[in-house]
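Peer 1: here is my input, please return the structure:
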Amino acid sequence: MRLSIPPEELMHPGHLACQGCGAALAMRYALKALGPDTIMDIPACCWSVISGPFPHTALNVPVYHTAFETAASTAAGIRAALRVLGRERTTVLAWAGDGGTFDIGLQALSAAAERNDDFIYAVYDNEAYMNTGIQRSSATPYGAWTTTTPAENFKQRPKKDMVRIMAAHRIPYIATASVAYPEDFIRKFTRAKALKGMRFIHILAPCPVGWRAQPQHTIKIARLAVRTRLFPLLEIEDGVRWRLTVNPANPRPVSEYLALQGRFKHLTTAQVESIQESVDRNWGDVAALAGAAAVGAAPPDANAAADEP
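Peer 2: Numbering: from 1, shown residues only. Here you go, the predicted model:
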């Protein structure tokens with residue numbers, strides 16, 4: 001049974017996101033799930049700009065704007081202060097981009113995870129440093145154009161696997177989420193809110209500007225990332241219990257996902273085939289960990305896992 005999407009809006013119109021911004025939609029969904037008793041910290045990233053310049057803000061919750069590398073350490077400090085005040089029920093959310101998570105903020109994130117600090121860490125992953133000019137990050141996938149990996153010298157290394165890195169910390173809850181699957185997205189944030197300890201949610205957030213895509217294709221691209229099995233939607237408990245929440249029975253070829261993005265237009269057929277092989281291999285590994293058949297057998301919770309057309 002699908003969850004209804006909460007009607008309350010905690011993100012105001014008039015924000016400064018680009019047209020078709022996946023990160024803006026991700027924030028809207030996250031706040032719908034978490035509700036008004038939430039305190040956020042946002043390090044340097046696109047959302048430092050999207051929310052608006054002081055004293056204006058597009059968010060109807062308290063927000064701390066912090067340095068690039070400090071999302072996790074700031075969230076830990078906020079939680080400690082709330083504990084002194086007796087506000088145990090208030091949700092603390094660190095909201096960072098992939099640059100501030102995969103790269104610059106990784107040390108603080110790992111330390112907070114090792115301590116099992118009590119907050120939600122959400123990374124909206126648009127696969128590059130989009131706010132500063134589309135430079136590569138360790139979240140940038142193999143083959144992608146960026147301003148620091150031009151087409152004639154595209155990125156040769158695979159994307160860093162943050163989900164497995166966080167799973168190695170054995171934290172209580174990890175999930176992946178997509179703006180193209182709002183019910184799944186909101187259910188995961190709602191579940192994270194009810195738990196204690198470190199919770200990590202990895203959101204794929206298409207960036208039309210950086211991905212050289214049409215803004216009206218944001219949801220289509222995000223959906224294809226799931227339906228090609230390039231971005232598995234899953235949950236992990238305590239780092240060891242894996243579960244797929246969407247398991248496409250008839251996966252689409254990864255070429256359909258790549259074709260909608262100009263950042264991949266320079267790739268040869270052989271290079272696209274290499275990406276497909278990598279996607280298939282990773283899916284097989286994830287499916288094995290989740291105890292699901294790689295060919296598309298439904299996970300135990302068929303209602304939550306039903307793929308959408």
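
Peer 1: which residues touch stretch 19-28?
Peer 2: 9, 11, 15, 17, 46-47, 50, 59, 95, 97, 122, 124, 126, 177, 179, 185, 203-208, 213-218, 222 (Cβ atoms under 8 Å, 6 or more residues apart in numbering). Any C-beta I mention is one placed from the backbone N, CA and C, and that applies to glycine too.

Peer 1: from those, which land in helices?
Peer 2: 46-47, 50, 185, 218, 222 (DSSP state H).

Peer 1: drop anything exposed from the contacts of stretch 19-28.
Peer 2: For the contacts of stretch 19-28, a burial check counting by 16 or more other Cβ atoms under 10 Å picks out 11, 15, 17, 46-47, 50, 59, 95, 97, 122, 124, 126, 177, 179, 185, 203-208, 213, 217-218, 222.

Peer 1: let's see which of those end up in strands.
Peer 2: Under the assignment DSSP state E, the buried ones among the contacts of stretch 19-28 contribute 95, 97, 122, 124, 177, 203-204 to strands.

Peer 1: which one of these sits closest to Val240?
Peer 2: Nearest to Val240 among those: Ala177, at 20.3 Å, using Cβ to Cβ.

Peer 1: how many neighbouring residues does Val84 have?
Peer 2: 7 (other Cβ atoms under 10 Å).

Peer 1: how near is Asp125 to Ala44?
Peer 2: From Asp125 across to Ala44, the span is 16 Å (Cβ to Cβ, to the nearest Å).

Peer 1: same question but for Asn250, I mixed them up
Peer 2: Asn250 sits 41 Å away from Ala44, going by Cβ to Cβ.

Peer 1: neighbour-wise, which of the two wins?
Peer 2: More crowded of Asn250 and Ala44, by other Cβ under 10 Å: Ala44, with 23 against 8.

Peer 1: and the closest residue to that one other than its chain neighbours, helix, strand or coil?
Peer 2: The spatially closest residue to Ala44, leaving aside those adjacent along the chain, is Phe68, at 4.1 Å (Cβ to Cβ, 6 or more residues apart in numbering). Look at Phe68: counting by DSSP: H, G, I helix; E, B strand; the rest coil, its state is coil.

Peer 1: and the gap between Phe68 and Pro6?
Peer 2: 31 Å.

Peer 1: also Glu277?
Peer 2: 41 Å.

Peer 1: the two: who's more crowded?
Peer 2: In terms of neighbours (other Cβ under 10 Å), Pro6 is the more surrounded of Glu277 and Pro6; the figures are 15 against 11.

Peer 1: is the more buried one in contact with Lys32, as I believe?
Peer 2: Yes. If you go by Cβ atoms under 8 Å, Pro6 and Lys32 touch, sitting 4.5 Å apart.

Peer 1: common neighbours of those two, please.
Peer 2: Ile186.

Peer 1: related to what we said a few turns ago, out of the ones in strands among the buried ones among the contacts of stretch 19-28, who's nearest Pro36?
Peer 2: Ranked by distance to Pro36 (Cβ to Cβ), those are led by Trp95 at 15.7 Å.

Peer 1: returning to what we had before: tabulate the ones in strands among the buried ones among the contacts of stretch 19-28 (TSV), appending distance to Ile171 and pLDDT.
Peer 2: TSV is the format used below for those (distance: Cβ to Cβ, whole Å; pLDDT from 0 to 100):
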residue	distance to Ile171	pLDDT
Trp95	17	98
Gly97	20	97
Ala122	14	98
Tyr124	19	98
Ala177	16	98
Ile203	17	98
Leu204	20	98
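
Peer 1: any chance of CSV for those, columns distance to Ala287?
Peer 2: As requested, those are arranged in CSV below (distance: Cβ to Cβ, whole Å):
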residue, distance to Ala287
Trp95, 30
Gly97, 29
Ala122, 25
Tyr124, 25
Ala177, 19
Ile203, 21
Leu204, 18
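
Peer 1: quick one: Pro36 and Arg164, what's the gap?
Peer 2: From Pro36 to Arg164 the distance is 34 Å (Cβ to Cβ).

Peer 1: what about the helices in the stretch 51-200 of the chain?
Peer 2: Ranges of helices within the stretch 51-200 of the chain are 71-85, 106-115, 162-167, 182-194, based on DSSP state H, counting those that start in this stretch.
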